[in-house]
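# here is my input, please return the structure:
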Amino acid sequence: MENYRSTALIVGVNGIVGSQITRQLAIRGDWDVYGLSRSAHELPAGVRPVLADLQDANSVSQALKDLRPTHVFFTAWSPQENEAENIRVNGAMVRNLFNALSPAGSVKHAALMTGLKHYMGPFEAYGTGEMSETPFREESERLDTPNFYYAQEDELFTAAERDDFTWSVHRAHTVTGHAVGNAMNFALTLAVHGAIARETGTPLVFPGTELVWNCLTDFSDSRVVADQMIWAATTPGIGNEAWNVTNGEVFRWRWLWPRLADALGVDWEAPGSEPRPLVEQMAGKEQLWVEIASKYDLAENRLDRVASFWHTDGDLGVEVEVVADMTKSRLAGFDTYISTERAFLELFDRYESDGLVPPRPRQV
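Numbering: from 1, shown residues only. Predicted coordinates for the structure are as follows:
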């Protein structure tokens, strides 16, 4: 009997979750792994690059014409100026991919990463209008608000029905992980915030609201998201489902923020009566980061390549509770669980070892 090998196509291979899925599959040895991106980047050993612009249907078709993936992991998105453009562009990206793969008929499962904006509304109305009740549960009805996550899902559902493969949707909260230049890299943004605070002798000021400071919340480590997407793609009998994916614990920022500040070697401040957004706190700090990068011989001297202040402000500046229910995954057998505090501390160490942020003072 011929040995069966699965073939993975990871879309968004350089992103915070796509790169983690790539690493996890590459070391297993029983997968052929392809990583799709718009431009060339260094990939793990054995991973074959595929270069294509997902917004260009012809580019995607040409790049994938000889590829026969059995499993697709879609983790890419392209932020636009408004939600109407988000819907048009990101829906087309999913459609272009699966239209290109349709003639081969090789796909058995496709996993799509989205997020909790499914329950809270898009950036334009994030946590300000109609939203699902917390803790967010997968069976909640869609909001009556335009949302590019819904457009991506609909394109996936259409392709799956047409080409007879199963699908899964993975709704993550804010993701921590290792990827430079990613639009949603909260942990690296916080490490950069800490480095600037140390350099300037200022505290780590919580940028969000008092409500977020005091409410229960959760996070999604990229390893948990990758584990769940691989699990859903390879476990028989659980196809065609949406899954929340978080670290499995809940916490309050009033507990975690002081601990992270201590780990970063700085004092901290709780929120005041009004949010103090990082976009405002870090305004004009680009040249300071150039100087810090030079002083410590860092790998990246562009502040906008290592920090996404706008996205962190969006996460911490809402006036609603944000927490997802993980019961459905647990009952189905997904049991990956990671301490959020430990995940941050491990990432701080890795960012330092990779030369992305200056070394922290070590406690004796």
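# can you show me the strands along this structure?
For the chain, the strands defined by DSSP state E cover 6-11, 31-37, 48-51, 71-74, 109-115, 166-172, 175-176, 204-205, 216-217, 220-221, 241-245, 251-252, 268-269.
# could you please name the strands the second one pairs with and the direction of each pair?
What it means is strand 31-37. According to DSSP bridges, strand 31-37 forms sheet pairs with strand 6-11 (parallel), strand 48-51 (parallel).
# which one of those lies closest to D154?
The closest of those to D154 is strand 6-11. By Cβ to Cβ, the value is 17.2 Å. Bear in mind the C-beta positions are built from the backbone N, C-alpha and C, glycine included.
# nearest residue to the residue nearest the centre of the chain in space, please, no chain neighbours.
Centroid-nearest residue in the chain: V175, 4.4 Å away (criterion: Cα atoms, centre = their mean). Distances taken as Cβ to Cβ, 6 or more residues apart in numbering place S220 nearest to V175, at 4.9 Å, with adjacent residues excluded.
# just give the number of residues close to the one you found.
If you count neighbours by other Cβ atoms under 10 Å, S220 ends up with 31.
# what do you get for the one 10 residues further on?
Around I230 sit 20 other residues, with neighbours defined as other Cβ under 10 Å.
# on the pLDDT front, check it for me.
With respect to pLDDT, I230 has a value of 98.
# cool, the one 10 residues further on as well?
At N240 the predicted local distance difference test score is 97.
# and it, what does it touch?
Shown in contact with N240 (Cβ atoms under 8 Å, 6 or more residues apart in numbering): A160, T166, W167, S168.
# F309 now?
T189, P277, L278, V279, Q281, M282.
# what about 7 Å?
Contact analysis of F309 by Cβ atoms under 7 Å, 6 or more residues apart in numbering lists T189, L278, V279, M282.
# can you check E274 too?
By Cβ under 7 Å, 6+ apart, E274 has no neighbours at all.
# let's go with 10 Å and repeat that
T209, E210 (Cβ atoms under 10 Å, 6 or more residues apart in numbering).
# ditto for T166
107-111, 160, 232-233, 236-241.
# could you flag which of those are buried?
V107, K108, H109, A110, A111, A160, A232, A233, I238, G239 (16 or more other Cβ atoms under 10 Å).
# beta partners for the fifth one?
When assigned by DSSP bridges, A111 has beta-bridge partners F73, S168.
# re the thing from before, nearest to R137 among the contacts of T166?
Nearest member of the contacts of T166 to R137, counting by Cβ to Cβ, is E241, at 12.7 Å.
# hmm, back to that, show me what contacts the residue nearest to the centre of the chain?
V175 neighbours (Cβ under 10 Å, 6+ apart): 15-17, 20, 75, 113, 115, 182, 184-187, 219-222, 224-225, 245-246.
# next one: it from D56, what distance?
Noted for V175: a distance of 27 Å to D56, by Cβ to Cβ, to the nearest Å.
# under the pLDDT cut-off, which ranges of this protein? List them.
By pLDDT under 70, the low-scoring segments of the chain are 1-4, 124-129, 180-184, 363-364.
# hey, which helix is longest across it?
helix 83-101 (DSSP state H).
# now for that one, which elements pack on it?
strand 6-11, helix 57-64, strand 71-74, strand 109-115, helix 148-163 (3 or more Cβ pairs under 10 Å, 6 or more residues apart in numbering; DSSP states H and E).
# could you rerun that using 6 Å?
Applying 3 or more Cβ pairs under 6 Å, 6 or more residues apart in numbering; DSSP states H and E, one finds that helix 83-101 contacts helix 57-64, helix 148-163.
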